[in-house]
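>>> what follows is a predicted structure for the sequence shown.
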Amino acid sequence: MNILVIGSGGREHALAWKIAQSPKCDKLYAMPGNPGIEEIAECVKDVSINDNAAVIDFAKNHSIDLVVIGPEAPLVNGLADELTAAGIKTFGPSKTAAQIEGSKIFAKNLMKKYGIPTATYEVFDDVNRACRYIKAAGAPIVVKADGLAAGKGVIVAQTVDEAVNAVFEVMEQKSFGEAGSRVVIEEYMDGEEASLLAFTDGTTIIPMIPSQDHKRVNDGDEGLNTGGMGAYAPAPVMTPEIIQKAEEKILKPILAAMSKEGITYKGCLYAGLMIVNGEPKVVEFNARFGDPETQVVLPLLESDLVEIMLACIDGGLNKVKINWSNDSTVCIVLASGGYPLSYKKGLEIDGINKAKALDTLIFHAGTAKADDKLVTSGGRVLGVVARAGDIKTALDKAYKGVEVIHFDNMHFRKDIAHRALRH
Ligand code: AMP
Ligand code: GLY
């Protein structure tokens, strides 16, 4: 098969890496891809992934048999619908189904209607009413912009003032543009978070190995929220009992709920969970694989990812055997100093081959080639992934890999998987 991966981050590098191992994959393309992906796929840089017609043209001209969409924006932009209508098999939900991520209000209302456990909430399109609600409810409290805000539209406010300021910034100053014309204000949930990604064909839903992300930029979960500074799998907080509860109370019901509303969800469904007193509750749904969760989950998948993806598209996922390794994986994200605020780009990166020689996998995220040199080009630059029989050994291996990689102002967390070590 000729396969096209859409996207350019660490998640897409991990997807491409796993897809390239499939006996079904003859030729792999990535759009736009990155220098790491370029080692295993042909990167297409002259077509915008936001231009659905141009992507379809490319797919037709290159006899693409399967398109795998990594990021949320093209999903919300209806790329899967248009590719499917053009007769091209596509892994990723339709525009309507992707609202589960694209609109927090859609997701919350659906959960409320079908009794799926999540934080209690109210929706506001009026600043004054939102502020009155916050003052009555008290803090801590969480303010969320309705639409897509590149993972930054959530403010976990510790005080009423902070929450009120967040409402002004999101709704009046439009810090996330139209995504913030409506907000969800919800109950603060106190617990441990985990990410449960699942494959679904619209009828059957099968969870992957649970993982845990580290969203804050600094050690001890301090500092600003980022796209994710590291991850590990499996996450011990997700005991077999909690996984089962998540399947029965969250994954199956949300799929059934969408189906009742006339929406068929196919692809990867990401449930961001908060485990509160042994009960999983939904923090958010994403319509795609997680980043950096994918970088730790896919290396543990022993089955053919392409076969699973085809079953998600064509149906019959219940007949596919999905095997996972018992090993543990860790991903340390190497970020540009200053991220998630401003940071320098174009800094030379070295040591990647040395790190690979230490039995690590290196997934590129924000890298570029400049005069044949590898340089930084984004906030999250690389993911260093290691695998071992237990989490501690995997961690030691990953940090040994990190030690030999260098670029100026390189920043990474030194406490990835600290919760797993405590469990
Ligand atoms: P989201 O973009 O929805 O994943 O939110 C970003 C982060 O904010 C989450 O990973 C949580 O750490 C935190 N968060 C979101 N909603 C809540 C909530 N209701 N209670 C506590 N923390 C939350
Ligand atoms: N790691 C968080 C996300 O992918 O949304």
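That came through, no problem. Ligands and ions are numbered 1, 2, ... in the order given.
>>> so what's the residue count around the residue of the stretch 251-400 of the chain found nearest ligand 2?
Taking C-beta to the nearest ligand atom, ligand 2 has its nearest neighbour within the stretch 251-400 of the chain at Gly290, 3.5 Å off. Placement of C-beta: from N, CA and C, glycine included. Summarising burial for Gly290: neighbours were counted as other C-beta atoms under 10 Å, giving 24.
>>> and it, how far from Ile185?
Taking C-beta to C-beta, to the nearest Å as the criterion, Gly290 is separated from Ile185 by 25 Å.
>>> right, and Gly33 touches Leu4 too?
No: in this structure, Gly33 is not within contact of Leu4 by C-beta atoms under 8 Å, at 10.0 Å.
>>> now list whatever residues contact both of these two.
With contacts taken as C-beta atoms under 8 Å, 6 or more residues apart in numbering, the residues that reach both Gly33 and Leu4 are Val44.
>>> what comes up buried for the top helix by length along the chain?
Longest helix in the chain, counting residues (DSSP state H): helix 391-403. Applying a neighbour-count criterion of 16 or more other C-beta atoms under 10 Å, one finds 391, 394-395, 397-399, 401-402 buried in helix 391-403.
>>> roughly how far out does the helix or strand following that helix sit from the chain middle?
Reading on from helix 391-403 to the C-terminus, the next helix or strand found by DSSP states H and E is strand 410-411. Taking the mean of its C-alpha atoms, strand 410-411 sits 22 Å from the chain's own mean (C-alpha atoms, centre = their mean, to the nearest Å).
>>> is ligand 1 within reach of the helix or strand that strand 410-411 is followed by?
Toward the C-terminus, strand 410-411 is succeeded by helix 418-422 as the next helix or strand (DSSP H and E). No: no part of helix 418-422 sits close enough to ligand 1 to count as contact by C-beta under 6 Å from any ligand atom; the gap is at least 12.9 Å.
>>> now for helix 418-422, which elements pack on it?
In terms of contacts (3 or more C-beta pairs under 8 Å, 6 or more residues apart in numbering; DSSP states H and E), helix 418-422 is packed against helix 391-403.
>>> chain center to the helix it packs on, what's the gap?
Remark: helix 391-403 is offset 23 Å from the chain centroid, using C-alpha atoms, centre = their mean.
>>> list the contacts of it.
Residues outside helix 391-403 that contact it (C-beta under 8 Å, 6+ apart) are 232, 327-332, 334, 355-356, 358-360, 362, 384-388, 412, 414, 416-417, 420-421.
>>> show me these that map onto helices.
Here DSSP H is the test, and the contacts of helix 391-403 give 355-356, 420-421 as lying in helices.
>>> which one of those residues is nearest Ile242?
Proximity to Ile242 was ranked across the ones in helices among the contacts of helix 391-403 by C-beta to C-beta; first place goes to Ala420, at 14.6 Å.
>>> just give the nearest non-adjacent residue to the closest one, would you?
Taking C-beta to C-beta, 6 or more residues apart in numbering, and ignoring the residues beside it in sequence, Ala420 has Ile391 as its nearest neighbour in space, at 4.9 Å.
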